[in-house]
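Asker: Build me a model from this:
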Amino acid sequence: MEDVTGDGVAERRERLMEALRVHGGHYAELSRRFAAWLGLHSTDATAVLEIAAAEERGAPLSPARLSERIPLSTGATTALLNRLEAAGHITRVREHTDRRVITLRSGGHIQERADEFFGPLARRLDATMAHYPPELLERFEAFMADLNATMDTHLTEEGTPADRRPPRTR
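Answerer: Predicted coordinates:
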């Protein structure tokens, strides 16, 4: 893409996007290895991690929110949750005053297994981040929040290229 501002923003964007693509590839590979380590399909492992992470944040997921996060159809999400619940990896509870609302909770062993698997990486990441001043990391967090909000807006706008099929070629 052309740099319309003339101050190198497009080149910087390209370098940052490439770094994020590489990070995304690493994240996907780590997720694949975690799934294999647990003996789960990658989608099932991703769902378990999403459920556990939401619990840690104090905002447990409903089945509908999970299907948005991973993204699956309602039927596929139900089948996935049935498998995970039967294996003891998650529970579905009705803990709200509106008994129709279902909350997803991870099995106790899931957090232990995730800590065992991801703990060494967390320690390495902490050591890497310790080299940077907290103010810089806060600015980076703000940048990532802005970047994600921009991408979310783009993905939800009607008429974006992501919503259209490319023209057919002969």
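
Asker: what are the ranges of the helices in the chain?
Answerer: Defined through DSSP state H, the helices belonging to the chain, from first to last, are 9-38, 42-56, 63-69, 74-86, 108-129, 134-156.

Asker: Also compute the angle for the fifth one relative to helix 42-56, please.
Answerer: Regarding helix 108-129 and helix 42-56, their directions subtend 80 degrees when assessed with axes from the mean of the first three to the mean of the last three Cα atoms, to 10 degrees.

Asker: need the helices of the chain in CSV with mean pLDDT, can you?
Answerer: Conversion of the helices of the chain to CSV gives the following (pLDDT from 0 to 100):
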stretch, mean pLDDT
helix 9-38, 93
helix 42-56, 92
helix 63-69, 90
helix 74-86, 93
helix 108-129, 93
helix 134-156, 93
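
Asker: Compare the ones you listed and report which one is nearest to residue 100.
Answerer: For the helices of the chain, the distance to residue 100 is smallest for helix 63-69, at 11.6 Å, taking Cβ to Cβ. Backbone N, C-alpha and C define where each C-beta goes, glycine included.

Asker: can you list the residues that contact that closest one?
Answerer: Contacts of helix 63-69 with the rest of the structure, by Cβ atoms under 8 Å, 6 or more residues apart in numbering, involve 47, 50-51, 54, 61, 72-74, 76-78, 81, 92, 102, 104.
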